[in-house]
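S.K.: Below is the sequence, then the predicted model.
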2 protein chains.
Amino acid sequence: MSKRKSARLAVAVPAAEREQLPPIEAIRAAAFKQFAERGYPVVTVRDIMKACGLTQGALYNHFKSKDELLHDIIASTQIELERVCQQAMVDAGDDPRAQLAAVVRAYVMRHCRLRIEALVANREIGWLDAARVADIRRSRRAIRDVVVAILFRGVDGGVFDPPRIGDRLDLKAIAMALLDQWTHVSMWYGPAGEVAEEEMAGLYADMALLAVGARP
Amino acid sequence: MSKRKSARLAVAVPAAEREQLPPIEAIRAAAFKQFAERGYPVVTVRDIMKACGLTQGALYNHFKSKDELLHDIIASTQIELERVCQQAMVDAGDDPRAQLAAVVRAYVMRHCRLRIEALVANREIGWLDAARVADIRRSRRAIRDVVVAILFRGVDGGVFDPPRIGDRLDLKAIAMALLDQWTHVSMWYGPAGEVAEEEMAGLYADMALLAVGARP
DNA sequence: GGCCGATATGAACGGGCGTTCAGGAGCAAT
DNA sequence: ATTGCTCCTGAACGCCCGTTCATATCGGCC
């Protein structure tokens, strides 16, 4: 096997700040960067620790295992994403259109700005063991349910008219389709890109409102 | 490391047909299944060959390396996907609305029916070496360009009115957003599911037409 | 029957893996 | 000066990896 020395994904270096981070934070940062660039299973404990200027054994003073390290960094971003989405909905008032737009903006903006973190959280989750993966999936379901709830209120109040399957309305499928769209902007959004994060978030919000048949 | 004995993703067994396949096809099938379930880097050559009732050395009578095997199975599905999309557009006549709907349907239907293949093609591409990954990316770009071209003709002919960023129109971003949505249905669509493939494809087509502001 | 090309075997190779652990370094409190 | 604690080192352990290769098997063809 080629063992992948080359990068899967270019990621900007966090500059010279590395030196004064406490070791546990340096490990987290190095792990994030390397997992994003090359993927969890081919990044070795030795790789991560060398990037922090330490040797492999020192990892186990801060984490029980490589698996726990992955869970730690995924869980922290996932929980924060859940919080941001809940907050966006609450702050947006009562109109489901405003709520949906606010959640899309928050979600997409975060996936543009913190694309490394989003990438790792979404792509590497499968390497966690069963107990830890369940923890993350719960949070994902919670976000999906926020979207479903907004859609339901919008349909109920007559401001959304989303496409149906025959005469059935599958809000869960629609929410999944929208979330897939928002999530994977982190796969291709260019940080030095031509389009600003806010503009991208606005575009996605407009598309979402159109897709669910929001009345103007 | 846990080395992941458990499945990342449940996949139906191809039944008793395995026995009469020629060896190279049996290897391809076993590799597809295992890569989908557990991910390329943790599936060993020994795993794949044991699933075919052979030993590890026999792989190299059919493929030059594990990497070539991955490229072989990804490329075959990717090329076919490209062909299906092109064909769908051509068969749909001149109306960009019919063309877009046809491409969505073809794309989503394929990603529901052949979800294992789609999953591997989309998720494991990053493990290929640089030369082989370029080959696949070209095909993906070609599909994206099909979508961009349809959008362009639709806007040009006044039947699409997609959201803009300020006054700018970013058809590439819109095409990417739509493709992300269609692609990742393969991550959660349940084959024994409540919704048939055709219905799901129809739902996605409706959402796409709404999202680009198609006139009725 | 004898030969050949295609294909399978399974030991071997060189290397890397996650994790453990005995020992050492630095430092604050005694 | 001594103790005790935290943190780090780097060798060691047991295991598995992709790949190679000498050897064996087998079906078809002269």
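M.R.: Looks like it arrived, so ask away.

S.K.: Return the residues in contact with the residue nearest to residue A:197 when sequence neighbours are not counted.
M.R.: Leaving aside its chain neighbours, residue A:197 sits nearest to residue A:112 (4.1 Å; criterion: C-beta to C-beta, 6 or more residues apart in numbering or on different chains). (Each C-beta comes from the backbone N, C-alpha and C, glycine too.) Each residue near residue A:112 by C-beta atoms under 8 Å, 6 or more residues apart in numbering or on different chains is listed here: A:185-186, A:189, A:191, A:197, A:200-201.

S.K.: Quick check: residues of chain A near DNA strand C?
M.R.: Taking C-beta under 7 Å from any atom of the strand as the contact definition, chain A meets DNA strand C at A:3, A:43-47, A:56-57, A:59-60, A:65-67.

S.K.: Can I get stretch A:108-122 in PDB? Just the C-alpha atoms.
M.R.: In PDB, the C-alpha atoms belonging to stretch A:108-122 read as follows (Å, rounded to 0.1, in the frame of the first residue of the first chain):
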ATOM      1  CA  VAL A 108     -23.500  26.500   6.600                       C
ATOM      2  CA  MET A 109     -21.500  29.400   8.100                       C
ATOM      3  CA  ARG A 110     -20.000  27.100  10.700                       C
ATOM      4  CA  HIS A 111     -19.200  24.400   8.100                       C
ATOM      5  CA  CYS A 112     -17.400  27.000   6.000                       C
ATOM      6  CA  ARG A 113     -15.400  28.700   8.800                       C
ATOM      7  CA  LEU A 114     -14.600  25.500  10.700                       C
ATOM      8  CA  ARG A 115     -14.400  23.200   7.700                       C
ATOM      9  CA  ILE A 116     -11.500  21.100   9.100                       C
ATOM     10  CA  GLU A 117     -13.400  20.400  12.300                       C
ATOM     11  CA  ALA A 118     -16.700  19.700  10.300                       C
ATOM     12  CA  LEU A 119     -14.800  17.500   7.900                       C
ATOM     13  CA  VAL A 120     -13.400  15.300  10.600                       C
ATOM     14  CA  ALA A 121     -16.600  15.200  12.600                       C
ATOM     15  CA  ASN A 122     -18.500  14.000   9.500                       C
END
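
S.K.: And the residue most central in space within chain A, which helix or strand is it part of?
M.R.: Centroid-nearest residue in chain A: residue A:118, 3.4 Å away (criterion: C-alpha atoms, centre = their mean). When elements are assigned from DSSP states H and E, residue A:118 belongs to helix A:115-123.

S.K.: Is chain B within reach of the next helix or strand after that helix?
M.R.: Per DSSP H and E, the first helix or strand lying C-terminal to helix A:115-123 is helix A:130-156. Yes: applying C-beta under 8 Å from any C-beta of the partner chain, one finds helix A:130-156 touching chain B at residue A:130.

S.K.: Give me the mean pLDDT for the helix holding residue A:118.
M.R.: In this model, helix A:115-123 has a mean pLDDT of 95.

S.K.: Run the angle between it and helix B:115-123 for me.
M.R.: Per axes from the mean of the first three to the mean of the last three C-alpha atoms, to 10 degrees, the angle that helix A:115-123 makes with helix B:115-123 is 160 degrees.

S.K.: hang on, the earlier thing: what's the PyMOL line that selects buried ones from the residues of chain A next to DNA strand C?
M.R.: Only the buried entries of the residues of chain A next to DNA strand C go into this PyMOL selection, using 16 or more other C-beta atoms under 10 Å in any protein chain shown:
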select buried, chain A and resi 43+45+59+66+67
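
S.K.: among the residues of chain A next to DNA strand C, which are in reach of DNA strand D?
M.R.: Near DNA strand D, by the rule C-beta under 7 Å from any atom of the strand, you find A:56-57 out of those.

S.K.: which one of the residues of chain A next to DNA strand C is nearest residue B:158?
M.R.: Taking C-beta to C-beta as the measure, residue A:43 is the one of those closest to residue B:158, at 51.0 Å.

S.K.: Touching, that closest one and residue A:36? I think so.
M.R.: No: counting by C-beta atoms under 8 Å, residue A:43 sits too far from residue A:36 to count as a contact (9.6 Å).

S.K.: just so I have it, where are all the helices in chain A?
M.R.: Taking DSSP state H as the criterion, chain A contains helices spanning A:23-38, A:45-51, A:66-91, A:96-113, A:115-123, A:130-156, A:171-183, A:197-211.

S.K.: wait, which of those is closest to residue B:130?
M.R.: Residue B:130 sits nearest to helix A:23-38 of all the helices of chain A, at 13.4 Å, using C-beta to C-beta.
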